[in-house]
Structures are given as structure tokens and as C-alpha cells.
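Student: Give me a 3D structure for the following:
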Amino acid sequence: MGLRERKKQKTRIALIDAALDLFLTQGYDITTIDQVAAVVDVSPRTFFRYFSSKEEVALSLPQDGQEILLAELAARPADESPHQALSNAMRVMLDTLREGDAAEARRFLQARQLIGSTPTLLAGQMCLMATSERRLAEEVARRRGTDPDDLHTQFVVSVFTALGRICFEHGPDDLSLLAERLEQTLAIAERCLRPGWDR
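Tutor: Sure, this is the predicted structure:
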């Protein structure tokens, strides 16, 4: 990235950090955009260049995570079955988070805590997931040579998203333990599903 892009990314991250800290310490509902902007020493107008609302900044990390998952899935080798590709894309995403910058891991865990305790954000995350599921279905359909509305394709994506919910929504607040839980969940699926079920 060039200097301008790096500066914009730094400001975006600073706004996310400020918002998460304020939402968790004083509450999502009573925190204002003006307060978030003040912590970063920018104007509310600058905030709106990056995010359209409090909800968007609060859900920015799950949104980013879904974009990364979709990019990783599209990059998986063509010889992987759809479920293998989905599982490996999820592993890469989680490993990148675990082995990367400690501040990113902290943000991820803060966002999980905030969303899990805020009904409005939980509903917003479900809407994001519905959009993501459609895009996952499009990629799985491409791999299978079918239409995204194909029933088998929809089933493959639904099984994967259910496994993801089991792992992440009820998982521990520790990335290494989350990775272990992911492997345990995928192992159960492998034992229960007939080989080739996702082709």
C-alpha cells in the first residue's frame, strides 16, 4: 500500500479499536459516534468516511472475516472437494489470526464478546452471514459445476455454516482453543458423513 492507503487503514483500525473499547466499557447503546471520533481525535464527519453507523463499525471485523474466508475459498486447489475447500479456507483464516498480530487477535475476541452480548449486533451479524452464505454457495456451485440454487450445493453450504456456528458461537475466548474446537467439529462431521457426500 502507498502512504495514503496506509494512513487510511491506520485511521480505520483506530476507529474500530476506539469503538470496541467504548462499546465494551460503557455499553453499545449509550456510546455515540461523537465519542468514538473524539478518542481518535477526528471529526464525526471523518468517521462517516469509513463507516455509515455504529453498527457497521461494530460488525466490521466479522465482515472482514467473511471477505477473507471467501477469498481463501476461491484460492483453494480445484482438486479439493467443496467441503474440504471450505474447511481448509476456515483453517487458514483462523491460523492467520492466531499467528498474526496480537492486536488483531484482541480485536477479534473483543468483537465476539460485544456481538454475543448485544442483541442488535447479533441480529446484524446474522444478516451478514446470510449474505455470506449466498456468496459461499456461488463458489461451491462453481466448483461443482451447478447453479447456486442447486439443492445439493445449498446443503453443502448449510452443513458448513452449521459447523462454523458450533465452533465459533459457542466456542472459548481463546484462539488456540477455538482452533482445537474447529478440528474437533470437523472430525465429527467427517465421521458422520459418507465419503463423497459433497461432490
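
Student: Which residues belonging to stretch 40-49 are considered buried?
Tutor: Buried residues in stretch 40-49, defined by neighbour count with 16 or more other C-beta atoms under 10 Å: 40, 42, 47. Quick note: C-beta positions are derived from backbone N, CA and C, even for glycine.

Student: Keeping just the C-alphas, turn it into CSV.
Tutor: Backbone C-alpha positions of stretch 40-49 (Å, rounded to 0.1, in the frame of the first residue of the first chain) are rendered in CSV as follows:
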residue,chain,number,x,y,z
VAL,A,40,-9.2,9.0,17.7
ASP,A,41,-9.1,12.8,17.5
VAL,A,42,-11.0,13.1,14.3
SER,A,43,-14.4,14.7,13.4
PRO,A,44,-17.6,12.7,13.2
ARG,A,45,-17.6,13.6,9.5
THR,A,46,-14.3,11.7,9.2
PHE,A,47,-15.9,8.7,11.0
PHE,A,48,-18.6,8.7,8.3
ARG,A,49,-16.0,8.4,5.6
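
Student: Not counting its own residues, what contacts it?
Tutor: Contacting residues not belonging to stretch 40-49 are listed as 11, 14-15, 18, 33-34, 36-37, 57 [C-beta atoms under 8 Å, 6 or more residues apart in numbering].

Student: Return the subset of the buried residues of stretch 40-49 lying in helices.
Tutor: Among these, the residues falling in helices (DSSP state H) are 40, 47.

Student: got a markdown table for the buried residues of stretch 40-49, with distance to Thr153 and pLDDT too?
Tutor: Conversion of the buried residues of stretch 40-49 to a markdown table gives the following (distance: C-beta to C-beta, whole Å; pLDDT from 0 to 100):
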| residue | distance to Thr153 | pLDDT |
| --- | --- | --- |
| Val40 | 43 | 97 |
| Val42 | 44 | 96 |
| Phe47 | 40 | 97 |
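
Student: Out of the buried residues of stretch 40-49, which comes closest to Cys192?
Tutor: Comparing these against Cys192 with C-beta to C-beta picks out Phe47 as the nearest, at 46.8 Å.

Student: how close does that closest one sit to Gly27?
Tutor: Distance, Phe47 to Gly27, using C-beta to C-beta, to the nearest Å: 19 Å.

Student: Which residue ranges of the protein form strands?
Tutor: With DSSP state E as the definition, the chain shows no strands.

Student: Could you break it into its assigned domains?
Tutor: Domains of the chain are assigned by automatic domain parsing as 3-53, 59-192.

Student: got the ones you listed as TSV, with distance to Arg199 columns?
Tutor: Converted to TSV, these look like this (distance: least, C-beta to C-beta, whole Å):
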stretch	distance to Arg199
domain 3-53	40
domain 59-192	6
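
Student: Compare those and say which comes out lowest on pLDDT.
Tutor: Ranked by mean pLDDT, the domains of the chain bottom out at domain 59-192, with a mean of 92.
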